[in-house]
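> Below are the sequence and a predicted model; questions follow.
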Amino acid sequence: MKRLGLFPDSTTIQNDTLHIAGRSLASLADEYGTPLYIYDRATMDASVAAYKGALQTYYPAQAEITYAGKAFLCKAIAEWTQQHQLWVDCTGEGEIGIAVAGGAPREKILVHGVNKSPADLNSAIQHAGTIVVDNLTELKRISVTLRSLRSLRVTLIVEETLRFAQSDISVWLRLLPGVAVATHHSHTQTGQHDSKFGMTREEILEAASFCKEHNLPLKGIHFHQGSNFRDPSPLISAIELGLDVSKEIGFAGEWHFSPGGGWGAAYHEDELPQPDIGDYVRRIAESVTKGCKTRGLKLPVLHLEPGRSLVARAGVAVYRVGAIKRRGERTWILTDGGMTDNPRHAMYGARYSCLTVAGPSREMSERVSIAGPYCESGDVVIEDLPMPKIEEGDLIAVPVSGAYHLSMSSNYNGARRPAVVLLEEGKAKLIVRRETVEDLLRRDLSIA
Ligand SMILES: Cc1ncc(COP(=O)(O)O)c(C=O)c1O
């Protein structure tokens, strides 16, 4: 069955029921409740291995993989990144805090963000090894903060930060390449000429001069053109521009070059096969290697920054069907989760597919739309999908749910965010417990 190709590597059908890593999704739903998010560790590990293998083959100089925490970050996932010696891309103080809690050391934490607050910058200086600067204002703020740290010697923490700030912190500049990758929606493009992200070539050169004048350790160039693309061609012209700018800057010694992340995943059977990680890495590695050679540049440490392509397909969302409305023009399958745990369809019309947990191979006998329980007409996860006959109380499993679901989830309508379970060789480990009503009230103060 083609749709099965969207599910994690370890997915099987046993006793006419979907299993992942040897565990029945029906029994996991009974044990942990629904909606439930399941991550298959073997699939995540295999994706990392695909990146590492391709980098070893096509870029044997030095390369690093940075997990884009925005795809999904919790303590256990941060720990997993460290088991694979990945760097972690953190957007601001919150994600930095999670990465630190998961054991990421300073040199593996890289901080992104388009308008980093003073708190984000302080946290970055305290915990991270690399700050990717988005704009000149931010660069000036970093310079002021580092200078004031140099003149302060108050607490141990400050002294420790000071020691580090004077030696090991690196600054990279984010280039706006002016070229977007093809994604299914403009909201997932970031590299186009009018994007809010990054600096133009002229701004980058001004930033580089500022770094020189103010003794800031400029060590790299980064760009990111968008998320969920499968044609790497637009990367090539952006790499050319990035290398031109790097040449103009004139990095001395070890330097870093990061063409971002964004490699896609197939979400619907029509989009299979899954985009090939090896091919993506090869295209980047070849163009960086050739581009450096023609410009007489020393090969940089090459950084890739995948999020979705490491975790999306490892994740499966399991929902229980409550009510069904079979009407002439449309059949609504109403489940216990939706836009609060997966806003991607509501935000940019993302297409999904799914299987029933019991009897997944049955004949597809009707077309259905699958919606959640929230008070929004946009609370839809899947539209117009052929499915076998579904009954109230059935479980459905939505594949490719591992990226940009829970990290963009909300408490709309008082929704309590789902539990997350990591599966490994037949064992299930709860890595994020389900939210409770007490959690919803935790920050509230009374006026009575
Ligand atoms: C700077 C940066 N790096 C990496 C990523 C990861 O993208 P993806 O999860 O599509 O690989 C993003 C996502 O938007 C990003 O903004």
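Done, it's in.

> burial count for the residue in the stretch 251-400 of the chain that the ligand sits nearest to?
Nearest residue of the stretch 251-400 of the chain to the ligand (CB to the nearest ligand atom) works out as Gly307 at 2.6 Å. C-beta: built from backbone N, CA, C; applies to glycine. Using other CB atoms under 10 Å, Gly307 has 25 neighbouring residues.

> Hmm, Trp263 and it touching each other?
No: look at Gly307 against Trp263 with CB atoms under 8 Å: they stay out of range, at 9.3 Å.

> Can you give me every residue that contacts the nearest residue in space to Tyr412 that is not next to it in sequence?
Take Tyr412 and drop its neighbours on the chain: the residue closest to it by CB to CB, 6 or more residues apart in numbering is Thr340, 5.1 Å away. Taking CB atoms under 8 Å, 6 or more residues apart in numbering, we find Thr340 in contact with 372, 374, 409-413, 415, 417.

> Next, the buried residues of stretch 95-109.
95-100, 102, 104, 108-109 (16 or more other CB atoms under 10 Å).

> how's the protein carved up into domains?
The record, using automatic domain parsing to delimit domains, assigns the chain the ranges 2-33+314-441, 41-311.

> what sits up against the helix or strand in which Thr289 is found?
According to DSSP states H and E, Thr289 maps onto helix 277-295. Helix 277-295 has contacts (CB under 8 Å, 6+ apart) with 47, 50-51, 53-55, 57-59, 61, 63, 232, 235-236, 239-240, 243-244, 247, 257, 259, 263, 297-300, 302, 304, 309.

> switch the cut-off to 7 Å
Here helix 277-295 makes contact (CB atoms under 7 Å, 6 or more residues apart in numbering) with 47, 50-51, 54-55, 58-59, 232, 235-236, 239-240, 243, 247, 257, 259, 263, 299, 302, 304, 309.

> where are the low-confidence patches of the stretch 151-300 of the chain?
Judged by pLDDT under 70, the stretch 151-300 of the chain has its weakly predicted residues at 151-167.

> make it 90
The model of the stretch 151-300 of the chain has pLDDT under 90 over residues 151-169, 177-197, 225-227, 229, 231-234, 252.

> for the ligand, what are the nearby residues on it?
190, 224, 227-228, 260-263 (CB under 6 Å from any ligand atom).

> can you tell me which residues contact Met1?
Going by CB under 7 Å, 6+ apart, the list of residues near Met1 reads Ser361.

> quick one: it and Glu363, what's the gap?
To Glu363, Met1 is 11 Å away according to CB to CB, to the nearest Å.

> Equivalent analysis for Ala54, please.
40 Å.

> Who are the contact partners of the residue sitting nearest the centre point of the chain?
The centre of the chain sits closest to Ala71, judged by CA atoms, centre = their mean, with a distance of 2.3 Å. Ala71 makes contact with 307-308, 311, 403-404, 407, according to CB under 7 Å, 6+ apart.

> re the thing from before, is the residue of the stretch 251-400 of the chain closest to the ligand in contact with Ser407, as I believe?
No: between Gly307 and Ser407 there is no contact under CB atoms under 7 Å: 8.9 Å.

> Please enumerate the shared neighbours of those two.
70-71.

> Restricted to buried residues, select the contacts of Ala71 in ChimeraX.
This is the ChimeraX syntax for the buried subset of the contacts of Ala71, where burial follows 16+ other CB under 10 Å:
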select :307,308,311,403,404,407
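
> Many thanks, have a good one.
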